[in-house]
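**Q** Provided below for reference: sequence and predicted model.
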Amino acid sequence: MTAEWGGITSLAFGELDADSQSTLEATVEHLHELESAGDLEVVLPAALDVSAGR
């Protein structure tokens, strides 16, 4: 939905079991493919800190 409407999506995770780690790796790989194709912009949290410029 975020990709269709624009916005910010974050991924949060803690301890990962083997299945969760595999799923996270596949997700990151897919996001990298989208970023490489120019279909997604990845930014660090610091880039979103609007108060930093004040």
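**A** Cool, got the structure. Numbering: from 1, shown residues only.

**Q** how many neighbours does residue 34 have?
**A** By the measure other CB atoms under 10 Å, the count of residues near residue 34 is 13. Where C-beta positions appear, they are placed from N, C-alpha and C, glycine not excepted.

**Q** residue 42 versus that one, what's the distance?
**A** Per CB to CB, to the nearest Å, residue 34 is found 9 Å from residue 42.

**Q** again with residue 16
**A** Residue 16 is 20 Å from residue 42, by CB to CB.

**Q** repeat that for residue 28.
**A** 10 Å.

**Q** do the same with residue 11
**A** Taking CB to CB, one finds residue 11 at 11 Å from residue 42.

**Q** with residue 30 instead?
**A** For residue 30 relative to residue 42 (CB to CB), the value is 12 Å.

**Q** looking at this protein, which helix is longest?
**A** helix 18-36 (DSSP state H).

**Q** need the contact partners of that helix.
**A** 11, 13, 16, 40, 41, 42 (CB atoms under 8 Å, 6 or more residues apart in numbering).

**Q** now the phi/psi pair for the fourth one, please.
**A** Right, the one you point to is residue 40. phi -150, psi 140 (degrees, to the nearest 10).

**Q** burial check on it, number of neighbours?
**A** 15.

**Q** what confidence value was assigned to the nearest residue to it once chain neighbours are set aside?
**A** In this structure, residue 40 finds its nearest non-sequential neighbour in residue 34, 3.8 Å apart by CB to CB, 6 or more residues apart in numbering. According to the prediction, residue 34 has pLDDT 92.

**Q** so what's residue 11 up against?
**A** 24, 27.

**Q** if we use 10 Å, what do you get?
**A** By CB atoms under 10 Å, 6 or more residues apart in numbering, the residues touching residue 11 are 24, 27, 28, 31.
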